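> Here's a sequence, model it:
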Amino acid sequence: MADADTETIVRALFSTAGMTLTDEQIASFVRLYPTLRKQADRLWAIPEVRYEQPALLFDARTDR
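Now for the predicted structure:
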């Protein structure tokens, strides 16, 4: 993924979220985005969860 494409994606994601970032923050996320994108894509590479939605689990029980 070219840096120009990555920067466009990063800016679009934060713009859609209604967030304004400094140029330094954008540059940091441009560096991180390819790694984060690969990690997210790997969630779908596990055959057993191919049609499931990834979710974080939170155990709200207080008896522990």
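> low-scoring stretches of this protein, by residue?
Along the chain, the model assigns pLDDT under 70 to residues 1-2, 53-54, 64.
> At the geometric centre of it, which residue sits there?
A centroid search over the chain (CA atoms, centre = their mean) returns Leu36, at 5.5 Å, as the residue closest to the centre.
> Secondary structure class of that one, three-state.
What DSSP: H, G, I helix; E, B strand; the rest coil gives for Leu36 is helix.
> Give me the distance between it and Leu43.
Relative to Leu43, Leu36 is positioned 11 Å away (CB to CB, to the nearest Å). Every residue, glycine included, has its C-beta placed from N, CA and C.
> for the closest residue to Glu7 other than its chain neighbours, what are its contacts?
Using CB to CB, 6 or more residues apart in numbering and skipping residues adjacent in sequence, the residue nearest Glu7 is Val30, 5.0 Å away. Neighbour list for Val30: Asp3, Thr6, Glu7, Val10 [criterion: CB atoms under 8 Å, 6 or more residues apart in numbering].
> Checking the last one next. Helix, strand or coil?
So that's Val10. Using three-state DSSP, the structure places Val10 in helix.
> can you pull the contacts of it?
Applying CB under 8 Å, 6+ apart to Val10 gives the contacts Ile26, Phe29, Val30, Tyr33.
> List only those of these flagged as buried.
Buried residues within those, counting neighbours by 16 or more other CB atoms under 10 Å: Phe29, Val30, Tyr33.
> Just send those back as a markdown table, with distance to Pro47 too.
Below are those laid out as a markdown table (distance: CB to CB, whole Å):
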| residue | distance to Pro47 |
| --- | --- |
| Phe29 | 31 |
| Val30 | 32 |
| Tyr33 | 26 |
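> Among those, which are located in helices?
Residues of those located in helices (DSSP state H): Phe29, Val30, Tyr33.
> can you tell me how far Phe14 sits from Ala55?
Distance of Phe14 to Ala55, computed by CB to CB: 23 Å.
> More neighbours: the two, which one.
More crowded of Phe14 and Ala55, by other CB atoms under 10 Å: Phe14, with 15 against 6.
> Phi, psi for Thr62 please.
Dihedral pair for Thr62: phi -100, psi 0, per degrees, to the nearest 10.
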